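Asker: Quick one, structure for this:
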Amino acid sequence: IIFECPPSAASVDEVGSDDGVELILKLLEKAETPSERQIIFDVSCSQTDIFLTGEQARKVFHAARCDYTDVDKVAKLLPQVAVTQDACTFAELCLDMQQLRQLREKLGYA
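Answerer: Residues are numbered from 1 along each chain as shown. Now for the predicted structure:
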């Protein structure tokens, strides 16, 4: 018997609290080096059981001043954004047209 459970869309209950996101932002702010911020950013993006609103994702994106390019940061945060429309808006607000093309090339077409 093989049990498969495909990922489903996030529910309202799975969106991270503003307090939780503020903690991530404080940790990013207190980090002394870009490499420390990158580690914190990576950990915050790896918590796949907690999702973000588009606004929360934008805050994390701007606070994560590290060695990743803007395209790399958006690519890491996109799967964490709970609502598809928020994810699109998040990418459009954080990247210019050339970067959006790079993101499409990086992630492929849906």
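
Asker: quick one, what contacts residue 100?
Answerer: 91, 92 (C-beta atoms under 8 Å, 6 or more residues apart in numbering). Glycine gets a C-beta too; all of them are placed from N, C-alpha and C.

Asker: How confident is the prediction for it, by pLDDT?
Answerer: Per-residue confidence (pLDDT) for residue 100: 95.

Asker: do the same with residue 79
Answerer: 91.

Asker: now do the one 5 residues further on
Answerer: Reading off the per-residue confidence, residue 84 sits at a pLDDT of 89.

Asker: when you give positions from now on, start the count at 46
Answerer: Happy to do that; since the first residue is 46 now, the last one works out to residue 129.

Asker: and residue 134, how far is that from residue 68?
Answerer: Distance, residue 134 to residue 68, using C-beta to C-beta, to the nearest Å: 24 Å.

Asker: ok, these two, which is more surrounded?
Answerer: Taking neighbours as other C-beta atoms under 10 Å, residue 134 and residue 68 compare with residue 134 leading, 16 against 13.
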